[in-house]
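Pasted the sequence and its predicted model underneath.
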Amino acid sequence: MDMYETSFRLRGKTYDYKIQYDSIKKFFLLPKPDDIHTLITIGLEPPLRQGQTRYPFVVMQFKRDEDIELDLNVEPGDLEGRFKGKLEEHYAGPSYIVLTHLFRGLGGKKIISPSKDFTSRHGQSGVKCSIKANEGHLYCMDRSFMFVPKPAQYISMDNIQTITMSRVGGAVSASRTFDITMTLKGGAGEHQFSNINREEQQPLEDFFRAKNLKVRNEMAEDSAILAAALKEQALDSSDDEVIQAERGSADEDSESADEDFQDDSESDVAEEYDENHDSSGGESDAEMRDADADGDGDAEGDADEDTEKKVERPKKKTKTGK
């Protein structure tokens, strides 16, 4: 990178851009949660072009422990005149801090850093998330949000209509991540950030509400619905157990009655085949023999006629003991 009085130059193997300081609209200094790198993000208007692609942001990454030392090639009179209080003749320190001072002195741009009102669950300024398949970090500023590195997205709080916290797909109770959707005013579209660690839900929601943003937590609504459904299911299960218990008592009574009936049947069978048992059949046989004896004096014809008409009752066979 080459820096001049009114512009700076970016050079690489496949690009070479000369950018005016006046084209810088936003300047962000964003510490990465890895505690190793810091990102300098520059918002440009008009954006850079490479073929048919436009790049409204330039993202540069610096190691925090990388130090540089340099002397400015500036006339002493200019340092005491136009740049008095803005630039120094000599710089030494971490590269990202030196570069930030130079951009602020030459371009006169305000440095935007993450808000002190937000700290992630792990004490960082940004939270890890994704835009579609692109992983990055979402930073909360005092008046805006910034996602880096690719695709870099800047969202002003003034343009946000609602923020929806939800989980797209999967069980809510078992999910370890959630999504944030920022819907813009005037039907200007929305920005969705997914795969955010569930631990970051409460810090983010507290920050949104502190900034008076309209927040809808669908996860809380889904949890309430799930809890109500589980409660209803528990009540249904209790009712089923009561009904089953009542049915079980009825079944036990039926089984007892069956057992009594079975005992009676076995008793009848025993009486029928017991040779020592006095059954009522014996008395009937004796009466029939007496009736035959009284009828011996009748005429043979009458006896034959009576014999034809009369149906003799079959006698029960008696079991003879050996």
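That came through, no problem. Numbering: from 1, shown residues only.

On the three-state scheme, the residue nearest to residue 5 when sequence neighbours are not counted is what?
Take residue 5 and drop its neighbours on the chain: the residue closest to it by CB to CB, 6 or more residues apart in numbering is residue 106, 7.0 Å away. To be clear about C-beta, it is placed using only N, CA and C from the backbone, and glycine gets the same treatment. Classification of residue 106 by DSSP: H, G, I helix; E, B strand; the rest coil places it in helix.

Wait, residue 106 touches residue 19, no?
No: Residue 106 is beyond contact range of residue 19, at 11.8 Å (criterion: CB atoms under 8 Å).

shaky segments in the chain?
Judged by pLDDT under 70, the chain has its weakly predicted residues at 168-174, 220-322.

related to what we said a few turns ago, between residue 106 and residue 19, which has more neighbouring residues?
More neighbours sit around residue 106 than around the other of residue 106 and residue 19, counting by other CB atoms under 10 Å; the figures are 21 against 16.

Contact partners for the more buried one?
If you count contacts by CB atoms under 8 Å, 6 or more residues apart in numbering, residue 106 has them with 3, 5, 6, 8, 21, 86, 87.

cool, residue 101 as well?
Under the criterion of CB under 8 Å, 6+ apart, the contact partners of residue 101 comprise 87, 88, 91.

Could you list which of those residues belong to strands?
Per DSSP state E, strands hold the following members of the contacts of residue 101: residue 91.

Mind splitting this structure into its structural domains?
Domain segmentation of the chain under automatic domain parsing yields 1-113, 116-250.

first vs last residue of the shortest one, how far apart are they?
Between the opening and closing residues of domain 1-113 there is a gap of 23 Å (CA to CA, to the nearest Å).

Go through this protein and flag its longest strand.
Assignment by DSSP E gives strand 37-50 as the longest strand of the chain.

pull the CA atoms of the helix or strand following that strand into PDB?
Proceeding N to C from strand 37-50, the next assigned helix or strand is strand 53-63, under DSSP states H and E. Listed in PDB are the C-alpha atoms of strand 53-63, where the atom choice follows Å, rounded to 0.1, in the frame of the first residue of the first chain:
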ATOM      1  CA  THR A  53     -18.300  -7.200  -9.700                       C
ATOM      2  CA  ARG A  54     -18.600  -4.200  -7.400                       C
ATOM      3  CA  TYR A  55     -16.700  -4.100  -4.100                       C
ATOM      4  CA  PRO A  56     -18.200  -1.500  -1.700                       C
ATOM      5  CA  PHE A  57     -15.800  -2.600   1.100                       C
ATOM      6  CA  VAL A  58     -12.100  -3.200   1.400                       C
ATOM      7  CA  VAL A  59     -11.100  -5.600   4.200                       C
ATOM      8  CA  MET A  60      -7.500  -5.700   5.400                       C
ATOM      9  CA  GLN A  61      -6.200  -8.100   8.000                       C
ATOM     10  CA  PHE A  62      -3.200  -7.400  10.300                       C
ATOM     11  CA  LYS A  63      -1.500  -9.400  13.000                       C
END
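
Great, nothing more from me.
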